[in-house]
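> sequence plus the predicted model coming up.
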Amino acid sequence: MSETFTLVITGAPYSSQAPQTALGFAKAAVDAGHQIDRVFLYGDGVHLASALCAPPSDETHWPDEWSRFLTQHKIPGVACIASALRRGLVNETEQKRYELPSANLRAPFEIAGLGEWVEGRIKSTRTLYFHAGD
Amino acid sequence: MSETFTLVITGAPYSSQAPQTALGFAKAAVDAGHQIDRVFLYGDGVHLASALCAPPSDETHWPDEWSRFLTQHKIPGVACIASALRRGLVNETEQKRYELPSANLRAPFEIAGLGEWVEGRIKSTRTLYFHAGD
Amino acid sequence: MTDIQTLHILNKSPDHPRAARCVEMMSAEDGLLLTGNGVLLLARGNLLPGASKVFALIPDVEARGLGDLSGNVSSVDFAEMVTLSLQAQRVISW
Amino acid sequence: MTDIQTLHILNKSPDHPRAARCVEMMSAEDGLLLTGNGVLLLARGNLLPGASKVFALIPDVEARGLGDLSGNVSSVDFAEMVTLSLQAQRVISW
Amino acid sequence: MTTLIMIDQPPYGAWTGREALDMAFSLAAFDQSASLLFTGPGVNWLRQTQHAGGIEQKSVEKNLTAAPIFGMDAILADRAACIAYGLDEHSLIEGVTLVDADADLLTDYDHTAFAG
Amino acid sequence: MTTLIMIDQPPYGAWTGREALDMAFSLAAFDQSASLLFTGPGVNWLRQTQHAGGIEQKSVEKNLTAAPIFGMDAILADRAACIAYGLDEHSLIEGVTLVDADADLLTDYDHTAFAG
């Protein structure tokens, strides 16, 4: 039976293992025929949507891996607007609104409010969280 | 007697209190006639050098406060290059080298290696660390 | 796999206060899935919850050199993690 | 202020494992300066190191509503924190 | 559908507690049932007379006492954690219900989440 | 001038341990005396046969065993933490010295630091 998931990532790449564990879970869910309703980035998790990460070439590029996965499966990736603005993650709309020197949001991620999380929480069979460890 | 300090900030603004406590310490040190040799951002602390933070207008803008303090007192602010590249903080040089869509490093912060920390550690009377709490 | 009331997913080491709270708040009908640094609980066998089913995510176990699992612990891959999360009545990510 | 061998600066709550380790690794000649969430140690008086001098950063104490300090604890401002960090032979930020 | 948001980190040192509050208020704003549970050092969010101006942050006392108005079901605090941190009816803000944070409590909610 | 870099966080879950190693190697590269002390769950960095390929990270076993070549003074591990995590001479990587992490140890170094 096909089920739906909302995944919430609150840990940043290159600081926590959260984006990595979440991607392993997401791929397995899709492989099993389930649907990822949306991926919601909250707190420090918004850094996963950065277009400016340049990890060493022998390390996995997690923002890149996530972007490709979301695009391939047409899954919405949403960064919480309050978390993103505080932490310096902006698209061109927010760049203009706050008169910032540049934008750094990576496609296909979008910026939206916590309502996206509430909606996912209501609609999906399961909402799972991927937090930073220790 | 005038002494010198190297301050190392490893906690990010809007995630930890580290940049805030460090600024309180730095201002008190300068007021007491001491010198801040340099401020070194390491790990998640590099996010303090972001030019794109837009916190709510009723919250303190920590990157802005730190920039003004460093400029006013001509104190070098250095973000560790390895930490910065992994976490999506780049100046125009790194933007070009890694073919990234934009740059987001805030003046007067610069990007350099851990050697800056070692040098500060050797030269300064005291090297203090401001980590994330819990 | 049998029924699980609540699946507790723990990704913190046994020294993290949330690990102790997670184990405290489990009932005998619950399952515990160790991921990330949570798998280090396997090296502290006396802290494992006695009454509940315990699972550990294979890549995290192998990364930390804990291949020899105790007899009461089942290793799972991501596909089994997905199945477990749907079988349980609810999931809590600690 | 008298001599301090090592000044330990603690900004974690008493529940954080680093708080316990910090107190364990202190000697009677050391000083403890509580900042950030470290000031919550004042609400857990029995965990305070008995033998050592204890200081707490005023703005952090006030933010957490812990104005009534125990008798053995000195409140300090940032200027005094700077002085303490220079008086001690070494400083460790936990 | 009922949600329990757990806060186990102390106030002001990190942003997760504040972001957990935002989650609970957001659920309430969408007419979803939501409660808050404070455990461990997280109970220190509930202490009276926090003066956070000196660290340039905002106290959340007002937000929490207004929680019922915004449709929040309950503000719960773990009894043992309150005792450990010297919090009683005289030092806790109003509107807090003391509970034992155990397995039984969790079964009262469809969903339990942390902000980070 | 001697520096002790302390690592009290377990491997792979966070980047601070790795960044602490970078600090120690950097000191050694500038001919500064540096030692590493693993405490608490941090001692798990020192377990033999870590296979981190499955989580797309690199094991640090090779880096650590090469530490003396790069000029590192010593790799120390807290005895009590090793016992707690079931680590003994058979399961620890080579070149580790067991110590009691106490006040006396700290006075042997001019400077002690964490990476985060």
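Nice, I can see it.

> what average pLDDT does the longest helix seen in chain E get?
For chain E, the longest helix by residue count, based on DSSP state H, is helix E:16-29. On average, the pLDDT along helix E:16-29 is 96.

> what's the answer for stretch E:89-99, then?
94.

> buried residues in it?
E:92-93, E:96, E:98-99 (16 or more other C-beta atoms under 10 Å in any protein chain shown). C-beta here means a position set from N, CA and C on the backbone, and glycine is covered the same way.

> counting contacts, what elements does the lengthiest helix in chain C pack onto?
Longest helix in chain C, counting residues (DSSP H): helix C:78-87. Helix C:78-87 sits against helix A:18-31, strand A:126-130, strand C:6-10, strand C:31-34, strand C:53-57, with contacts defined as 3 or more C-beta pairs under 8 Å, 6 or more residues apart in numbering or on different chains; DSSP states H and E.

> closest to chain B out of these?
helix A:18-31 (12.4 Å; C-beta to the nearest C-beta).

> can I get the closest one as CSV, trimmed to CA atoms?
Output in CSV follows, covering the C-alpha atoms of helix A:18-31 (Å, rounded to 0.1, in the frame of the first residue of the first chain):
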residue,chain,number,x,y,z
ALA,A,18,20.7,14.7,9.8
PRO,A,19,20.5,15.5,6.0
GLN,A,20,22.4,12.3,5.3
THR,A,21,20.1,10.0,7.3
ALA,A,22,17.1,11.7,5.9
LEU,A,23,18.2,11.2,2.3
GLY,A,24,18.8,7.4,3.0
PHE,A,25,15.3,7.2,4.4
ALA,A,26,13.7,9.2,1.6
LYS,A,27,15.3,7.1,-1.1
ALA,A,28,14.2,3.9,0.6
ALA,A,29,10.6,5.2,0.9
VAL,A,30,10.5,6.1,-2.8
ASP,A,31,12.0,2.8,-3.7
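
> can you give the strand pairings for whichever helix or strand comes after that helix, parallel or anti for each?
With elements assigned by DSSP states H and E, the helix or strand that comes after helix A:18-31 is strand A:35-41. When pairing is defined by DSSP bridges, strand A:35-41 lines up against strand A:4-9 (parallel), strand A:77-80 (parallel).

> list the buried ones in strand A:35-41?
A:36-41.

> possible to save these as a markdown table with pLDDT?
What follows is the buried residues of strand A:35-41, written out as a markdown table (pLDDT from 0 to 100):
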| residue | pLDDT |
| --- | --- |
| A:Ile36 | 98 |
| A:Asp37 | 98 |
| A:Arg38 | 98 |
| A:Val39 | 98 |
| A:Phe40 | 98 |
| A:Leu41 | 98 |
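
> could you identify the most distant pair in these?
Spatially, the most separated pair among the buried residues of strand A:35-41 is A:Asp37 and A:Leu41, at 14.5 Å (C-beta to C-beta).

> picking that back up, I'd like the strands paired with strand A:35-41 as a markdown table, with mean neighbour count appended.
Formatted as a markdown table, the entries for the strands paired with strand A:35-41 read as follows, by neighbours: other C-beta atoms under 10 Å in any protein chain shown:
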| stretch | mean neighbour count |
| --- | --- |
| strand A:4-9 | 25 |
| strand A:77-80 | 26 |
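
> with mean pLDDT added, can I get those strands in a markdown table?
What follows is the strands paired with strand A:35-41, written out as a markdown table (pLDDT from 0 to 100):
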| stretch | mean pLDDT |
| --- | --- |
| strand A:4-9 | 98 |
| strand A:77-80 | 98 |
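
> ok, now which ones touch the most centrally placed residue in chain C?
Nearest residue to the geometric centre of chain C (C-alpha atoms, centre = their mean): C:Leu33, 2.5 Å. Going by C-beta atoms under 8 Å, 6 or more residues apart in numbering or on different chains, C:Leu33 touches C:7-10, C:55-57, C:76, C:81, C:84.

> hmm, try it at 7 Å
By C-beta atoms under 7 Å, 6 or more residues apart in numbering or on different chains, C:Leu33 lies in contact with C:7-9, C:55, C:81, C:84.

> before we move on, the earlier item: now the element after the longest helix of chain E, going C-ward?
Counting by DSSP H and E, what follows helix E:16-29 is strand E:33-38.

> contacts for that following strand?
E:1-7, E:24, E:27-28, E:45-46, E:72-78, E:101.

> keep only those of these that are in helices.
E:24, E:27-28.

> between these, which is nearest A:Arg121?
Nearest to A:Arg121 among the ones in helices among the contacts of strand E:33-38, with distances taken as C-beta to C-beta, is E:Leu27, at 7.8 Å.

> which residue packs closest to that closest one, ignoring adjacent ones?
Among residues not flanking E:Leu27 along the chain, E:Ala34 sits closest, at 3.8 Å (C-beta to C-beta, 6 or more residues apart in numbering or on different chains).

> does stretch E:45-61 come close to chain B?
Yes: using C-beta under 7 Å from any C-beta of the partner chain, we find that stretch E:45-61 touches chain B at E:55-56.

> show me what residue of chain A gets nearest to chain F.
For chain A, C-beta to the nearest C-beta, closest residue to chain F: A:Gly133, 3.3 Å.

> what's the closest non-adjacent residue to that residue?
In space, A:Gly133 is closest to F:Gly13, 3.3 Å off (C-beta to C-beta, 6+ apart).

> likewise E:Asp88?
Residue nearest to E:Asp88 in three dimensions, not counting chain neighbours: E:Cys82, with 7.1 Å by C-beta to C-beta, 6+ apart.

> and that neighbour, what element?
Element membership for E:Cys82 (DSSP H and E) is helix E:79-84.

> how close does the residue most central in space within chain A get to F:Asp104?
Closest to where the C-alpha atoms of chain A average out (C-alpha atoms, centre = their mean) is A:Leu41, at 4.3 Å. According to C-beta to C-beta, to the nearest Å, A:Leu41 stands 46 Å off from F:Asp104.

> swap in E:Ala81?
Counting by C-beta to C-beta, the gap from E:Ala81 to F:Asp104 is 35 Å.

> lovely, talk soon.
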